[in-house]
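> what's the 3D shape of this:
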Amino acid sequence: MDKKAYLTIDDGPSAYTGKLLDILKKEKIPAIFFVVGKNILKLPNSKSILLRILSEGHIIGLHSMTHNKEILYYSLNSAESFLHEMNELNKLLKNVVGYESSILRAPHGSFYNFRLGHYTKLKKSRFQYIDWNLDSRDWFFESVDDIQQQIQSELQRIGNPAELVILFHELPQTVKGLRQFIDYFKSQGYNFVQYSENEKLVVKQVKSRNEKIHYLKLIIRWHISDKVKLFKMNVGGLVSWLRK
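Residues are numbered from 1 along each chain as shown. Purely as a prediction, here's the structure:
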């Protein structure tokens, strides 16, 4: 069975993007870089980095302007804010490097964070959102050995699927271990392929029982939070009306 792997890297551009690109170029591995608008605006050489990503055959995806969970998921108009940030980021990319993307990744993933409004808005948009089915947890572990152990355990847990979407981040530990991680996936029979923005990439995430319980708790939290905010808004409106 032919096994495919898509390498994705979040939260750039950064001081580590160039080093990651050096490794990918040497290993001849394509990737999707999901970039954040505030990082583009903050990094002095972001234009040259973004141009290099594109010139070396990689794809740029959208990862919001702010990467702020409160704005993107917990506010009353979070679905509208989410889509607005993705559109703003696309405009920024077009202004900086003349590139527009049709793919996005929700900061922290869609599974725990999207509500019905997010799915509805995205369905009506031209964007496709891409999650992952293997989290390297490089954002949690600082040791290359710990990340390697996480990758091996996670690959076993999800049953060595025929199609992998691997989540990495622009971090020093990722730079340090990326060659090792790539070699491991290859040893497991995976061939790294480039994503085409015309293809439909459906990622089935395998969630543990504890993760599902956590997700249900989040849903309850959102529901209560929204009711409290709406109550405060209505009380405020009533007070204003009584004062007239």
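> what ranges does the chain have for its helices?
Using DSSP state H, the helices of the chain run over 17-27, 37-42, 46-55, 69, 78-97, 116-124, 144-157, 172-187, 209-243.
> so residue 182 makes contact with residue 28?
No: contact criterion Cβ atoms under 8 Å: residue 182 and residue 28 do not qualify, at 10.1 Å. Quick note: C-beta positions are derived from backbone N, CA and C, even for glycine.
> settle it for me: which of the two has more neighbours?
residue 182 (19 against 8; other Cβ atoms under 10 Å).
> who touches the more buried one in this structure?
Applying Cβ atoms under 8 Å, 6 or more residues apart in numbering to residue 182 gives the contacts 7, 23, 27, 29, 192.
> now for the longest strand seen in the chain, which elements pack on it?
Longest strand of the chain, by residue count under DSSP state E: strand 3-12. Applying 3 or more Cβ pairs under 8 Å, 6 or more residues apart in numbering; DSSP states H and E, one finds that strand 3-12 contacts strand 31-35, strand 163-169, helix 172-187, strand 190-192.
> which parts of that strand are buried?
Buried residues in strand 3-12, counted by 16 or more other Cβ atoms under 10 Å: 5, 6, 7, 8, 9, 10, 11, 12.
> give the bridge partners for the closest residue to the fourth one other than its chain neighbours, please.
Across the structure, with Cβ to Cβ, 6 or more residues apart in numbering as the measure, the residue nearest residue 8 apart from its sequence neighbours is residue 32 (4.6 Å). Beta-bridge partners recorded for residue 32 (DSSP bridges): residue 8, residue 59.
> which ones are touching residue 32?
6, 7, 8, 9, 58, 59, 60, 61, 103, 130, 195.
> the first one touches residue 166, doesn't it?
Going back to what we said before, that points to residue 6. Yes: under the criterion of Cβ under 8 Å, residue 6 makes contact with residue 166 at 6.9 Å.
> returning to what we had before: closest to residue 136 out of the contacts of residue 182?
In terms of Cβ to Cβ, no member of those lies closer to residue 136 than residue 7, at 10.2 Å.
> any idea how far residue 193 is from the closest one?
9 Å (Cβ to Cβ, to the nearest Å).
> swap in residue 166?
Applying Cβ to Cβ to residue 166 and residue 193 gives a distance of 12 Å.
> which one's more surrounded, the two?
Higher neighbour count among residue 166 and residue 193: residue 166, with 23 against 14, using other Cβ under 10 Å.
> which residue is the nearest non-sequential neighbour of that one?
Counting by Cβ to Cβ, 6+ apart, residue 166 lies nearest to residue 134, which is 4.9 Å off, once chain neighbours are set aside.
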